[in-house]
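S.K.: how would this look folded up:
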Amino acid sequence: MRQNCFRTRLSVPAFVILLGLASGPLAAQPTMLHPRLGVRQVVGGLNLPTALAFIGPNDMLVLEKNTGRVQRVVNGALHSTALDLAVNNSSERGLLGIALHPDFPSNPGVYLYWTCQAAPPPPDSPFFPTETECGDVPATGADSSDILAVPLRGNRVDRFVWNGAALVFDHNLIKLRAFQSDGGPVPPGQGDEGQPARGNHDGGVLAFGPDEKLYVFVGDLGRRGALQNLEFGPRAGDSGVTTPDDQFGGPAPDPSRLSGVILRLNDDGSTPLDNPFYTVGANIGGDTGATVQKIFAYGFRNSFGMAFDGTSARLWLQENGDDTFSEINLVEPGMNGGWIQFAGPSARIEQFKEMETTFGGRNLQQLRWPPTNIADTASDAMRRLFKLPGAHYSEPEFSWKWEVAPGGIGFMNSRALGRQFEGSLFVGAGTPLLNGGYLFRFRLTGNRQKIAVSDPRLNDRVADNLAKHEITESESLLIGRDFGVVTDIETGPNGNLFVVSLSGGAVYEIFGQ
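M.R.: Residues are numbered from 1 along each chain as shown. So this is what the prediction gives:
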């Protein structure tokens, strides 16, 4: 989902640290900083809510990360449990994303992104999962926090059908990488011998676009292959000699290395023929080619926020940095976001390298490609990018120099708050370390392709904040505080803005006054 005293390296992302703080209510209730806006709690008492979808006026489905439950909330009260999946909820795994079919309710499809379970490997062999995939039919019931109790491809997107009272499984669309245990002896010399098992950077955001295609964000899952702009693998450098990404092969983008991407799928899970790399994948062939065909954009680290602009129909994404350069991106078909060769604007690559090699853990989390490998110049980094035919690098539309941990994002797609807020992009926090969990408001330029700024310090579209989790130069964007960890922001049927707070266990409604 913030001052110099936080210059100690966090062993896991702030979003995960938060989960230990989320068992009780926030110390303060959210407040809005604009006199024409107010905020109220719609529902509380939720267990780590991650996302919501309205199935009618005052009727919503809310996901709970760790319980695997889809809770139905009617008129502000918990009504019933529509589904209870048996999730692996270790770290950032669990029940993560929801999207309704664009023709809902005439088409009653409800799509969920979640992490299934497998029996954990034996203690003497923790580097290979016991299963490649879960079965197609989802398991329900008890959940697991065992970080190794997942199959290799344990993240998945499934279609369910809303029957008016519950969600009934229909079919699986795709199964995605989940298992991360990179500290083993295979492949030799990988450099990850000290790497603990992890369960983060799963992504999990779902959204149907105006084209009625399903967009799926998948985080990098700690992979260091071609889709992370390491064409020959993490230890190959520029030699052209391929080295494996991990103990399962790579670095080519086969189904087990499909990570750091936005996928574009038909509503049944098949691949649209007009995807930007469809022909490229057909030429590659096999499982790798079929995987490439599904990609809409790649080269991303991780994100908890993806949303379509209701005015322009364009797709926007926030991207979390390691210690540096949080980003707001306008995502175009065939875009390469630049990770791991770039974070932040290409012109800032010297800062990116200097900060990541001198601050905190100095390892970009994954040990096998240290930040000392970052290029010294933008031109060298550009040369190193993995370039699928037709792909293009795209600069972020806004950045913070030091990571501020953005969370969920959403557009205000009505005039209910007043005409001045219509079309604004709201961005929540992935940590409560600043202002109890900030809420930023961004305005877009007239062509809806750039971030509009009024503070001259932001003319370069970079907030040169002073430390990690600190917001100098972006104070003018702050519009709310004490929202905790924000995992979803949606315009509701009544036109107001609804904010999901994972750490508050609540859904809040922002309204005009």
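
S.K.: if I look at residue 242, how far off is residue 233?
M.R.: Per C-beta to C-beta, to the nearest Å, residue 242 is found 6 Å from residue 233. C-beta coordinates here come from the backbone N, C-alpha and C atoms, glycine included.

S.K.: for residue 172, give the beta-bridge partners.
M.R.: Going by DSSP bridges, residue 172 is paired in beta bridges with residue 158.

S.K.: re earlier: shared neighbours of residue 242 and residue 233, anything?
M.R.: Residues within reach of residue 242 and of residue 233 at once, by C-beta atoms under 8 Å, 6 or more residues apart in numbering, are residue 251.

S.K.: might one say that residue 467 is in contact with residue 403?
M.R.: No - with contact defined as C-beta atoms under 8 Å, residue 467 does not reach residue 403; the gap is 9.8 Å.

S.K.: about what we covered before: of residue 242 and residue 233, who's got more company?
M.R.: A direct count of neighbours by other C-beta atoms under 10 Å for residue 242 and residue 233 places residue 233 higher, at 25 against 15.

S.K.: how close does the more buried one get to residue 300?
M.R.: Applying C-beta to C-beta, the value for residue 233 to residue 300 is 19 Å.

S.K.: and for residue 114?
M.R.: Look at residue 114 and residue 300: by C-beta to C-beta, they are 20 Å apart.

S.K.: helix/strand/coil for the residue nearest to the spatial centre of the chain?
M.R.: The centroid of the chain falls nearest to residue 303 when counting by C-alpha atoms, centre = their mean (2.5 Å). At residue 303 the chain is in coil, as set by DSSP: H, G, I helix; E, B strand; the rest coil.

S.K.: can you name the residues that contact it?
M.R.: Contact partners of residue 303, counting by C-beta under 8 Å, 6+ apart, are 203, 205, 217, 219, 317-320.

S.K.: phi and psi next, for it.
M.R.: Torsion angles at residue 303 (phi, psi; degrees, to the nearest 10) stand at phi -160, psi 150.

S.K.: pLDDT value on it, please?
M.R.: On pLDDT, residue 303 comes in at 98.

S.K.: residue 427 and residue 405 touch, don't they?
M.R.: No - counting by C-beta under 8 Å, residue 427 sits too far from residue 405 to count as a contact (10.7 Å).

S.K.: residue 445: how many residues sit nearby?
M.R.: By the measure other C-beta under 10 Å, the count of residues near residue 445 is 11.

S.K.: in contact with the closest residue to it other than its chain neighbours, which residues are there?
M.R.: Nearest residue to residue 445, sequence neighbours excluded (C-beta to C-beta, 6 or more residues apart in numbering): residue 452, at 4.9 Å. Contacts for residue 452 (C-beta under 8 Å, 6+ apart) come out as 442-445.

S.K.: next step: the contacts of residue 303 restricted to strands.
M.R.: 217, 317-319 (DSSP state E).

S.K.: now the residues you listed: which count as buried?
M.R.: Buried by 16 or more other C-beta atoms under 10 Å: 217, 317-319, out of the ones in strands among the contacts of residue 303.

S.K.: between these, which is closest to residue 510?
M.R.: Nearest to residue 510 out of those is residue 318 (C-beta to C-beta; 18.5 Å).

S.K.: so residue 467 and residue 403 - more neighbours on which side?
M.R.: residue 403 (26 against 17).

S.K.: report the separation between that one and residue 319.
M.R.: 10 Å.

S.K.: quickly list what's touching both of those two.
M.R.: In terms of C-beta under 8 Å, 6+ apart, residue 403 and residue 319 are both contacted by the residues residue 326.

S.K.: can you pull out the helices in the stretch 1-150 of the chain?
M.R.: Under the criterion DSSP state H, counting those that start in this stretch, helices of the stretch 1-150 of the chain are mapped to 14-19.

S.K.: first-to-last residue distance for stretch 191-211?
M.R.: Stretch 191-211 has its terminal residues 44 Å apart, counting by C-alpha to C-alpha, to the nearest Å.

S.K.: got the buried residues for that stretch?
M.R.: The neighbour-count check on stretch 191-211 (16+ other C-beta under 10 Å) flags 192, 195, 197-208 as buried.

S.K.: just send those residues back as CSV, with distance to residue 181 and pLDDT too.
M.R.: Formatted as CSV, the buried residues of stretch 191-211 follow (distance: C-beta to C-beta, whole Å; pLDDT from 0 to 100):
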residue, distance to residue 181, pLDDT
192, 10, 91
195, 8, 92
197, 4, 97
198, 8, 97
199, 10, 98
200, 13, 97
201, 14, 98
202, 15, 98
203, 19, 98
204, 20, 98
205, 25, 98
206, 27, 98
207, 31, 98
208, 34, 98
